[in-house]
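*Asks:* got a predicted structure plus its sequence, pasted below:
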There are 2 protein chains.
Amino acid sequence: MDFAYADALNQAIRLLSLRHRARAAALLAPLGLHPGQEALLLELDRTGPRIQAQLSDALGCEPPSVTLMTRKLEAAGHIRRRPAPSDKRASIVELTDSGKALADQIKHLWRALAKETVTGLSAETVAALPDILNTMTSNVDTSRSATRTAAGTV
Amino acid sequence: MDFAYADALNQAIRLLSLRHRARAAALLAPLGLHPGQEALLLELDRTGPRIQAQLSDALGCEPPSVTLMTRKLEAAGHIRRRPAPSDKRASIVELTDSGKALADQIKHLWRALAKETVTGLSAETVAALPDILNTMTSNVDTSRSATRTAAGTV
DNA sequence: TGCATAACATTATGCGCGTAACTAAATTCT
DNA sequence: AGAATTTAGTTACGCGCATAATGTTATGCA
């Protein structure tokens, strides 16, 4: 592992993060969304109402981030919050009709984005890609709760 | 390209971005650096003094971001700015001795980070990884200036 | 039962990134 | 040479992410 390779790899990851996020931002802008928010809407669409702690877990970000994101999405009318009946600390977050409609639009955009992203890669690479990325994520995940599609063979 | 795959791929990219950045943050914290700043220092270390426009190009981010990053790195004593002799609009940015020392430490950390990241992947995958990531970056790059290690075979 | 501890959520603050709007200097084009 | 355009840089502001500190409710244990 020489520095040239390490530098190339880390830089490639950084640039992919930046550009992929920028492209997502461009696609989501017409919906009035910022990148990151789509993940929250998709999670609610997948699994139904969740409390914020579950959301921060699923999204892989910290509770304060969820507080602010939900506040903005609520102000925009895409989600709704109500107190959890069995736990006075928690609030349950769920999609409004507007949020559900938005989730459907996001799904279309994300199909297009994924297709665009893997253009020019071999079929085998495309098939292996999610596992490769998830392995890398697990490798650097200090919170020890990454999706772990592939266990790290350390 | 079904939605399940698209969702898995986009989510994997998002999570890798988050966790890789978080891991970088943890490694850089003892040096008093935030992720993103190391890229600027490494770029200066690679190519010598540059004007900010060249930096924003090399880092793949916008000029205002460079303005703020350089301001903080200058305040920390890691870089220095001086007016460009041939262009009164531009300022030349260069490493101080402290910045050079920091760049060397970053190189060690980055070797470790890259090694950690690819743990458990096959040798072939590891070898192909930078090209795969760069291709993906080029595919979603709207600014049309990605490193283009592999040209998109569209 | 009562108390210490853990968990849910929030506020405050800071950083890297973005866009929009602006100034000033350089360049291009009649 | 003078006017229009491009380029370098900044300021102002917003968003997603982070950590630290705080209040409130649940829970586990003596």
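*Replies:* Perfect, I can see it now.

*Asks:* buried set for the longest strand along chain A?
*Replies:* Taking DSSP state E as the criterion, chain A has its longest strand at strand A:87-95. Within strand A:87-95, the residues that count as buried by 16 or more other Cβ atoms under 10 Å in any protein chain shown are A:91, A:92, A:93, A:95. No exception for glycine: its C-beta is placed from N, CA and C like everyone else's.

*Asks:* from what I see, the first one and residue A:80 are in contact.
*Replies:* Looking back up the chat, that one is residue A:91. No - with contact defined as Cβ atoms under 8 Å, residue A:91 does not reach residue A:80; the gap is 10.0 Å.

*Asks:* spit out the contact partners of residue A:16.
*Replies:* By Cβ atoms under 8 Å, 6 or more residues apart in numbering or on different chains, the residues touching residue A:16 are B:13, B:17, B:133, B:136, B:137.

*Asks:* and it, backbone torsions?
*Replies:* phi -60, psi -40 (degrees, to the nearest 10).

*Asks:* residue nearest the middle of chain A, spatially speaking?
*Replies:* When Cα atoms, centre = their mean is applied to chain A, the residue found nearest the centroid is residue A:39 (4.0 Å).

*Asks:* name the nearest residue to that residue, ignoring sequence neighbours.
*Replies:* residue A:59 (5.4 Å; Cβ to Cβ, 6 or more residues apart in numbering or on different chains).

*Asks:* now the angle between strand A:87-95 and the host helix or strand of residue A:53, please.
*Replies:* Taking DSSP states H and E as the criterion, residue A:53 maps to helix A:52-59. Angle, helix A:52-59 to strand A:87-95, by axes from the mean of the first three to the mean of the last three Cα atoms, to 10 degrees: 50 degrees.

*Asks:* ok now helix A:52-59, how far from the chain's centre?
*Replies:* Mean-position distance between helix A:52-59 and its chain equals 11 Å (Cα atoms, centre = their mean, to the nearest Å).

*Asks:* quick revisit: just the contacts of residue A:16: which are in helices?
*Replies:* In this view, the contacts of residue A:16 that belong to helices under DSSP state H are B:13, B:17, B:133, B:136, B:137.

*Asks:* contact partners for the fourth one?
*Replies:* To tie it back to what came earlier, the one meant is residue B:136. So residue B:136 contacts A:16, A:20, A:117, A:118, A:121 (Cβ under 8 Å, 6+ apart).

*Asks:* apply 10 Å and report the result again.
*Replies:* A:12, A:15-16, A:19-20, A:116-121, A:129, B:9, B:13, B:146, B:150, B:152 (Cβ atoms under 10 Å, 6 or more residues apart in numbering or on different chains).

*Asks:* pull out the buried members of those residues.
*Replies:* Of those, these count as buried by 16+ other Cβ under 10 Å: A:12, A:15-16, A:19-20, A:116-118, A:120-121, A:129, B:9, B:13, B:146, B:150.

*Asks:* just checking, which of these belong to helices?
*Replies:* A:12, A:15, A:16, A:19, A:20, A:116, A:117, A:129, B:9, B:13.

*Asks:* and those residues, which is closest to residue B:34?
*Replies:* residue A:15 (17.7 Å; Cβ to Cβ).

*Asks:* so the closest one sits against residue B:36, correct?
*Replies:* No - with contact defined as Cβ atoms under 10 Å, residue A:15 does not count as touching residue B:36 (12.0 Å).

*Asks:* quick revisit: who touches the residue nearest to the centre of chain A in this structure?
*Replies:* Contacts of residue A:39 (Cβ under 10 Å, 6+ apart): A:24, A:55, A:58, A:59, A:60, A:61, A:69, A:106, B:10, B:11, B:14, B:15.

*Asks:* now the closest residue in space to the second one that isn't next to it in sequence: which helix or strand?
*Replies:* The shortest distance from residue A:55 to any residue other than its chain neighbours is 5.2 Å, reached at residue A:66 (Cβ to Cβ, 6+ apart). Secondary structure assigned from DSSP H and E places residue A:66 in helix A:63-75.
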